[in-house]
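**Student:** Based on what follows, work out the 3D shape:
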Amino acid sequence: MESAIKLYAWNLQYAQALVSDLSAEQCTESSGPGLENHPAWTIGHLVAGSDMLAEDLGLERDLPEGWRQLFERRGPGDPRLPDPQRESYPPMDALLAELERQHIRVERVWRERLTEEKKGNVVLNVPTKWRFDSVLPTLGDAVVFFAVSHEAMHLGQLAAWRRARGLPSALNSI
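**Tutor:** Sure, this is the predicted structure:
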């Protein structure tokens, strides 16, 4: 599980690198069909995902006002696209600060739950009902999916968005 926590921290570094050189205007520009998830929406969506992950681990939801409506989706098939209006989104520095804050919350409570498991309390190994429970049936499985796979998928979309715009690889800066 320590490896998954390290990957979650690495995802945060990668997210920061992917947007570090963008102008405010670029943060809400689409790169075309299939790449509509612009940087502001993507980082905000990861903020909302981490907030939901914190809730799954037992914390209260804790997002700034209006962010749930702006950044949450109901998964594949949700027809809504990110709003292209820059003024609809918080500035990127605020989005990144909130992403870091949410990551700190999740990592802290995740480690607490792992400590409880080591003491013999079943916390993460409990069955949970969600979209992929047929292959990832426990809370621990869902936590790893959202912390690692879900974030990496959206960061990959952001990397593709950068390539479509002719921007350099962000991996070189990590």
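**Student:** so who does the residue nearest to the spatial centre of the chain touch?
**Tutor:** Nearest residue to the geometric centre of the chain (CA atoms, centre = their mean): Leu46, 2.4 Å. Leu46 sits next to 11, 15, 99, 151, 154-155 when contact means CB atoms under 8 Å, 6 or more residues apart in numbering. Placement of C-beta: from N, CA and C, glycine included.
**Student:** just how off-centre is the strand or helix carrying it within its chain?
**Tutor:** Assessed by DSSP states H and E, Leu46 sits inside helix 39-56. Mean-position distance between helix 39-56 and its chain equals 4 Å (CA atoms, centre = their mean, to the nearest Å).
**Student:** What are the buried residues along that helix?
**Tutor:** Across helix 39-56, burial judged by 16 or more other CB atoms under 10 Å covers 39-54, 56.
**Student:** Distance check, Asp51 against Phe146.
**Tutor:** Computed as CB to CB, to the nearest Å, the Asp51 to Phe146 distance reads 11 Å.
**Student:** could you say what helices and strands whichever helix in the chain runs longest packs with?
**Tutor:** If you go by DSSP state H, the chain has its longest helix at helix 92-118. Judged by 3 or more CB pairs under 8 Å, 6 or more residues apart in numbering; DSSP states H and E, the packing partners of helix 92-118 are helix 2-19, helix 39-56.
**Student:** what about Leu167, how many neighbours?
**Tutor:** Burial of Leu167 is recorded as 15 neighbouring residues (other CB atoms under 10 Å).
**Student:** Hmm, it is touching Asp21, no?
**Tutor:** Yes. Counting by CB atoms under 8 Å, Asp21 is a contact partner of Leu167 at 7.2 Å.
**Student:** that older thread, and of the contacts of Leu46, the nearest to Lys129?
**Tutor:** Lowest distance from Lys129 to the contacts of Leu46 (CB to CB) belongs to Glu151, with 22.1 Å.
**Student:** do you know which of the helices and strands packed on helix 92-118 lies nearest Ser88?
**Tutor:** Each of these was scored for nearness to Ser88 using CB to CB, and the closest is helix 39-56 (8.4 Å).
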